[in-house]
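In: Build me a model from this:
(one chain, ligands or ions: 2)
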Amino acid sequence: MNAIFLDKDGTLIDDIAYNVEPQRMTLCSGAGPALRLLTALGYRLFVVSNQDGIGNGRFGEEAMVAVGARLAQLLSRERLSLTGFYYCPHHPSAALARYARHCACRKPQPGMLLQAAREHGIDLGASWMIGDILHDVEAGNRAGCRSVLLDKGHETEWLPGPQRTPTHTAPDLDGAAQLIAAAHGARR
Ligand SMILES: [Mg+2]
Ligand SMILES: [Zn+2]
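Out: Ligands and ions are numbered 1, 2, ... in the order given. Reported below is the predicted structural model:
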């Protein structure tokens, strides 16, 4: 299986900090056509999301059930579906002790992508990570995927690092899908 790993906030969903209210979740502009192009090429869609709001006690893990259901609803309206939704509830300095750890899943760690690959038989070398900050890029690259950075002004630190260079940069999901489709065609 070939996957498109999507960051959630600011990439797939319009970014509202720490929002878990389903009714306030909206797809980013152009997400539907862009993701339909990718699914037509055989890619399956996965969301991989850092949710340290859980570790910091802003909301409980049960909020992710409603968020996942809303994601499914928004995508189904676009005739799309999600094959997997993974989130990391941890943070090294989380307020809730049970979530306070240096885990393997919080991006820029690649753990969520590696878990999805194990659970779904994903060919990571044929898969892509799309995100709006360099932690997404690094997670994708470390998992062995190619990566697209959406340059929407959400990355502000630009910390350097060997795994933090995206394969491509695009203004939005439509641009990312065009680049991935072009690379897909070139490889065949
Ligand atoms: Mg984001
Ligand atoms: Zn984690």
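In: And the contacts of the lowest-mean-pLDDT helix or strand in the chain?
Out: Among the helical and strand segments of the chain, the one scoring lowest on mean pLDDT, DSSP states H and E is helix 173-187, with a mean of 94. Under the criterion C-beta atoms under 8 Å, 6 or more residues apart in numbering, residues 4, 11-12, 28, 30-31, 33-35, 37-38, 41, 43, 128, 130, 146, 148, 150, 167-168, 170 lie in contact with helix 173-187. For every residue, glycine as well, the C-beta is placed using N, CA and C.
In: Show me which residues of the protein sit near ligand 2.
Out: 88, 90, 103, 105-106 (C-beta under 5 Å from the ion).
In: What subset of these is buried?
Out: 88, 90, 103, 105-106 (16 or more other C-beta atoms under 10 Å).
In: Among these, which lie within strands?
Out: Among those, the ones falling in strands (DSSP state E) are Cys88.
In: Ser49 versus Leu41, what's the distance?
Out: Counting by C-beta to C-beta, to the nearest Å, the separation of Leu41 from Ser49 is 23 Å.
In: again with Asn141
Out: 18 Å.
In: ok so, going back, when Leu41 and Ser49 are compared, which one has more neighbours?
Out: Ser49 (23 against 15; other C-beta atoms under 10 Å).
In: State whether that one is indeed within a helix.
Out: No. Counting by DSSP: H, G, I helix; E, B strand; the rest coil, Ser49 falls outside a helix, being strand.
In: Go ahead and confirm it touches Cys88.
Out: Yes. Between Ser49 and Cys88 a contact is recorded at 7.4 Å, counting by C-beta atoms under 8 Å.
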